[in-house]
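J.: What follows is a predicted structure for the sequence shown.
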Amino acid sequence: MTELDKRYAAARTGAPADTLAIDEGLRAYMISVYNYMAAGVAITGLVAWLVFSFAITQDPASAVARLPNGALLSEFGRLVFVSPLKWVLFLAPLGMVFFLSARIGKLSVSAAQTSFWIFAGLMGASLASIFLVYTHASIARVFFISAAAFGALSLWGYTTKKDISGWGSFLFMGLIGIIIASVVNIFLASSALQFAVSVIGVLVFAGLTAYDTQRIKEMYFAGDSQLVAGRKAIMGALSLYLDFINLFLMLLSLFGNRE
């Protein structure tokens with residue numbers, strides 16, 4: 001938008017020209033955040049499906065293991081789902097989150113992007129097992145439900161005039177509680193506790209979606225350099241990506257049909 005266009009638009013709307021310029025920059029910044037986040041989700045889904053596809057075999061002669069649900073594993077499937085490598089795949093995304101959070105201030109935008117794509121791919125590899133647990137139709141159904149809920153919550157967080165920054169401490173305490181309860185349930189294997197964790201998790205990550213959207217919006221500063229703005233966009237995308245993935249997993253635990 002040229003300076004003349006800005007002044008003309010300002011005269012029609014009654015808004016200062018610099019406000020219109022900031023809104024235009026904010027809109028571009030938020031679009032980049034959502035684009036990164038959506039691309040990350042797409043990479044995760046693609047990698048998860050590819051890992052699952054290579055892990056399963058239909059040929060009993062080439063199968064090296066059979067799961068309780070009857071699925072036949074290839075040698076690759078044994079590595080990613082049965083061998084100790086599964087713990088590496090499980091913990092690797094967490095390590096990438098810590099790496100990005102600690103190093104984002106020293107990375108170039110291209111390096112931060114690459115780290116985010118690697119993280120999304122590792123997350124996909126760690127989530128491939130959901131295709132062994134839930135029916136493919138229910139995974140697709142819950143994914144679209146999650147996408148619709150995420151979109152509505154994020155839109156509300158972006159447009160609301162209400163300051164929801166006070167939610168942060170309560171949501172963080174809820175997140176810590178979910179992590180502790182999930183670790184405990186690894187040993188207890190309680191269906192009742194898993195149900196409670198999933199219900200509370202849906203509420204916590206729904207709140208985090210709106211909270212993080214508003215926080216990311218408020219992080220925007222028109223005077224930021226391209227480097228700083230790029231880093232902020234990637235970290236914002238990482239926050240929303242984690243909110244979406246966890247919301248999806250909690251809803252899948254509640255509404256997914258098991259194999």
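T.: That came in fine, so what should we check first?
J.: Would you mark the buried spots in stretch 209-228?
T.: Along stretch 209-228, the positions that meet the burial threshold by neighbour count (16 or more other C-beta atoms under 10 Å) are 209-217, 220. Bear in mind the C-beta positions are built from the backbone N, C-alpha and C, glycine included.
J.: Report the distance from stretch 77-95 to the chain centre.
T.: 19 Å (C-alpha atoms, centre = their mean, to the nearest Å).
J.: What of stretch 238-256?
T.: Stretch 238-256 sits 7 Å away from the centroid of its parent chain (C-alpha atoms, centre = their mean).
J.: Let's see that stretch as PDB, backbone CA atoms only.
T.: Below are the C-alpha coordinates for stretch 238-256, written out as PDB (Å, rounded to 0.1, in the frame of the first residue of the first chain):
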ATOM      1  CA  LEU A 238       5.500 -23.700  17.400                       C
ATOM      2  CA  SER A 239       3.200 -22.700  20.200                       C
ATOM      3  CA  LEU A 240       0.000 -23.100  18.100                       C
ATOM      4  CA  TYR A 241       1.300 -26.300  16.600                       C
ATOM      5  CA  LEU A 242       1.700 -27.900  20.000                       C
ATOM      6  CA  ASP A 243      -1.700 -26.600  21.100                       C
ATOM      7  CA  PHE A 244      -3.300 -28.200  18.000                       C
ATOM      8  CA  ILE A 245      -1.500 -31.500  18.200                       C
ATOM      9  CA  ASN A 246      -2.200 -32.000  21.900                       C
ATOM     10  CA  LEU A 247      -5.900 -30.900  21.400                       C
ATOM     11  CA  PHE A 248      -6.100 -33.500  18.600                       C
ATOM     12  CA  LEU A 249      -4.600 -36.300  20.800                       C
ATOM     13  CA  MET A 250      -6.900 -35.500  23.700                       C
ATOM     14  CA  LEU A 251     -10.000 -35.600  21.500                       C
ATOM     15  CA  LEU A 252      -8.700 -38.700  19.800                       C
ATOM     16  CA  SER A 253      -8.400 -40.400  23.200                       C
ATOM     17  CA  LEU A 254     -12.000 -39.500  24.000                       C
ATOM     18  CA  PHE A 255     -13.700 -40.100  20.700                       C
ATOM     19  CA  GLY A 256     -11.400 -42.200  18.600                       C
END
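J.: List the buried residues in that stretch.
T.: Residues 238-253, 256 are the ones in stretch 238-256 that count as buried (16+ other C-beta under 10 Å).
J.: Check stretch 77-85 too.
T.: Within stretch 77-85, the residues that qualify as buried are 77-81, counting by 16+ other C-beta under 10 Å.
J.: Show me what that stretch is in contact with.
T.: 51, 54-57, 64-65, 67, 73, 86, 89, 125, 128-129, 132 (C-beta atoms under 8 Å, 6 or more residues apart in numbering).
J.: tell me what the strand or helix carrying Ile43 is packed against?
T.: Remark: Ile43 resides in helix 17-55, with elements defined by DSSP states H and E. Packed against helix 17-55, as judged by 3 or more C-beta pairs under 8 Å, 6 or more residues apart in numbering; DSSP states H and E, are the following elements: helix 3-13, helix 75-81, helix 109-127, helix 130-133, helix 191-219, helix 226-255.
J.: and it with helix 226-255, angle?
T.: For helix 17-55 against helix 226-255, the angle by axes from the mean of the first three to the mean of the last three C-alpha atoms, to 10 degrees is 50 degrees.
J.: Using CSV, list the CA coordinates for stretch 196-208.
T.: As requested, the backbone C-alpha atoms of stretch 196-208 are provided in CSV (Å, rounded to 0.1, in the frame of the first residue of the first chain):
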residue,chain,number,x,y,z
ALA,A,196,-10.0,-37.6,33.3
VAL,A,197,-6.6,-36.6,31.8
SER,A,198,-8.2,-36.4,28.3
VAL,A,199,-11.2,-34.3,29.5
ILE,A,200,-9.0,-31.9,31.4
GLY,A,201,-6.5,-31.9,28.5
VAL,A,202,-9.2,-30.7,26.1
LEU,A,203,-10.1,-27.8,28.3
VAL,A,204,-6.5,-26.9,29.0
PHE,A,205,-5.4,-26.9,25.3
ALA,A,206,-8.6,-25.2,24.2
GLY,A,207,-7.7,-22.4,26.6
LEU,A,208,-4.1,-22.4,25.5
